[in-house]
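# Build the 3D model from these lines:
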Amino acid sequence: GVAVDAETQTFLITAGSTTEVTIRHSAKSKITINAADVDTGKFISGVKVEVWHLNGAIVGTYETDSTGSIITGNLADGQYVVKIVSIPDGYALSAQTSLETTVTVKAGVSVNCSLRFSVLGSMKIVAVGEDGSALAGVTMSVKTKDGQAVGEYTTSKDGSVIVTGLSAGVYIVTETAVPD
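Predicted coordinates for the structure are as follows:
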């Protein structure tokens, strides 16, 4: 596609001659959005984004395919905002990616926008007695190393509890209650 040339052309027509007016059209461009695991480079499907023109008009809603890619339709020159709407389960934003990224599109030049995500981990907490037997009903507090609460968890009859959806990092586990 091509962009509309909105510039006004002024010309003079003289009697008995033909005046030629040339209107140059610039090619429209596309934004290619790639979603991948920050550590392995594995492409991630199912990332949903919205692309907005900086003037506030939505261009469209897209979802990454099996190659982790989205290619927008033809776009006119200008600034656009790529907004992450949802991320597949098991992933979180990496430190290199924000929820909104502004890109500048120029005529005939495609723009790449890289979105990087981290795989979330889990932790299995096991409570055992002196004899090594499982302790059910033990309550644990889990916090990040900075003291931010992750949650309170209670062990099941096998003495364990699994905490999921954790970003890579250091966590602090504190026993807060034991059964009678």
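# mind checking which helix or strand the residue positioned nearest the centre of the chain is in?
For the chain, residue 84 is the residue whose C-alpha lies nearest the centre (Cα atoms, centre = their mean; 4.5 Å). Following DSSP states H and E, one finds residue 84 within strand 78-86.
# Can you list the strands that that strand pairs with?
Strand pairing for strand 78-86, determined by DSSP bridges: strand 48-53 (antiparallel), strand 100-105 (antiparallel).
# Could you look over the ones you listed and pick the most buried one?
strand 48-53 (a mean of 18; mean count of other Cβ atoms under 10 Å). Placement of C-beta: from N, CA and C, glycine included.
# chain center to the strand or helix carrying residue 162: distance?
In the assignment (DSSP H and E), residue 162 maps to strand 160-166. In this view, strand 160-166 has its centroid 23 Å away from the chain centroid, taken as Cα atoms, centre = their mean, to the nearest Å.
# Check stretch 131-139 too.
40 Å.
# Also stretch 147-157?
The chain centre lies 28 Å from the centre of stretch 147-157; the measure is Cα atoms, centre = their mean.
# Can you report how many residues neighbour the spatially closest residue to residue 28 that is not a sequence neighbour?
Once flanking residues are discounted, residue 28 sits nearest to residue 74: 3.5 Å by Cβ to Cβ, 6 or more residues apart in numbering. Look at residue 74: counted by other Cβ atoms under 10 Å, it has 12 neighbours.
# Same question for residue 141.
Counted with other Cβ under 10 Å, residue 141 comes out at 15.
# quick one, phi psi at it?
phi -100, psi 130 (degrees, to the nearest 10).
# My read is that it contacts residue 173, right?
Yes: look at residue 141 against residue 173 with Cβ atoms under 8 Å: they come within range, at 7.3 Å.
# Assign a three-state SS to residue 158, would you?
Secondary structure of residue 158, reduced to three states by DSSP: H, G, I helix; E, B strand; the rest coil: coil.
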